[in-house]
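A.B. asks: Here's my sequence, what's the structure:
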Amino acid sequence: MMITENHERFLRIFEEHVHREGATALLDWMEKRTDFFEAPASTKFHGACKEGLLIHSLNVYDLLKKRNDEDHCESEETIAICALLHDLCKTNFYKESTRNVKNNATGQWEQIPYYSIEDQFPYGHGEKSVYLIERFVRLKPYEAIAIRWHMGGFDDNARVGGYNVANSFTRYPLAVKLHLADLEATYLVEGGNK
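C.D. replies: All right, here's what the predicted structure looks like:
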């Protein structure tokens, strides 16, 4: 795997701020056993390209750090862990394929690349990220809650009713901040579904 500028930046931030036991093993696993640094962030919406997940994670980090620099509520380590790893669930999740699309200019059918979902471990979204992180690094309860509910009302489990998202957002400001950073990165910085 070629190390790109985005990959180098991720490593710099992670190694500078994350010092918990297991952090080196987590990073080693991410680099050697996952496609995190090359994976898309979605199949056809934001970051539906090589390195899309990495770029999205860095965008969320920048936005969450900016918000934290204003109120200084969380440690640099917490910001790095939550922002950089919130979508760890998307590693080894997408499969690159091709499909036929008619070129309107030429009238010819052409094969174009696209991503499809091939979920090897269907454990949910936020909860899967928490699970994967905690195989290596122990999260603080508020970090686990923030990562678990970073999708807010877009999470499949939130759509079925209940008060878990609202209770999490009321009790843990970091959960709200991570959700807002994720939304802003997705829809304003990365262009949502363009």
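A.B. asks: Contacts only, for the spatially most central residue of the chain.
C.D. replies: Central residue of the chain (Cα atoms, centre = their mean): Asp87, 2.5 Å from the mean position. For Asp87, the contacting residues are Ala41, Leu53, His56, Ser57, Ser129, His150, by Cβ atoms under 8 Å, 6 or more residues apart in numbering. For every residue, glycine as well, the C-beta is placed using N, CA and C.
A.B. asks: So the second one is in contact with Ala39, correct?
C.D. replies: Just to be clear, that refers to Leu53. Yes - using Cβ atoms under 8 Å, Leu53 makes contact with Ala39 at a distance of 4.4 Å.
A.B. asks: list residues touching both of these two?
C.D. replies: Lys90, Thr91.
A.B. asks: Can you give me the first-to-last residue distance of stretch 103-122?
C.D. replies: 36 Å (Cα to Cα, to the nearest Å).
A.B. asks: Now that stretch: buried residues?
C.D. replies: Tyr114, Tyr115 (16 or more other Cβ atoms under 10 Å).
A.B. asks: Please verify my assumption that Ala175 contacts Phe169.
C.D. replies: Yes - counting by Cβ under 8 Å, Ala175 does reach Phe169; the two are 5.5 Å apart.
A.B. asks: what touches both of these two?
C.D. replies: Trp149.
A.B. asks: for the chain, which spans come out with low pLDDT?
C.D. replies: Low-confidence segments of the chain (pLDDT under 70): 1, 158-161, 192-194.
A.B. asks: need the helices for it, in chain order.
C.D. replies: 5-17, 23-33, 52-71, 76-85, 126-134, 141-148, 156-159, 164-171, 173-183 (DSSP state H).
A.B. asks: Mind checking the ones you listed for the one nearest to His46?
C.D. replies: helix 52-71 (6.6 Å; Cβ to Cβ).
A.B. asks: and that closest one, what other elements does it pack with?
C.D. replies: helix 5-17, helix 76-85, helix 173-183 (3 or more Cβ pairs under 8 Å, 6 or more residues apart in numbering; DSSP states H and E).
A.B. asks: Okay, angle between the second one and helix 5-17 too, please.
C.D. replies: Helix 76-85 runs at 150 degrees relative to helix 5-17, counting by axes from the mean of the first three to the mean of the last three Cα atoms, to 10 degrees.
A.B. asks: Number the residues from 160 up from this point.
C.D. replies: Sounds good: first residue 160 from here, last item helix 235-244.
A.B. asks: just to revisit the earlier point, any chance of a markdown table for the helices of the chain, columns mean neighbour count and distance to Phe204?
C.D. replies: Converted to a markdown table, the helices of the chain look like this (neighbours: other Cβ atoms under 10 Å; distance: least, Cβ to Cβ, whole Å):
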| stretch | mean neighbour count | distance to Phe204 |
| --- | --- | --- |
| helix 164-176 | 15 | 19 |
| helix 182-192 | 15 | 23 |
| helix 211-230 | 20 | 10 |
| helix 235-244 | 23 | 19 |
| helix 285-293 | 20 | 18 |
| helix 300-307 | 22 | 20 |
| helix 315-318 | 14 | 16 |
| helix 323-330 | 15 | 21 |
| helix 332-342 | 22 | 13 |
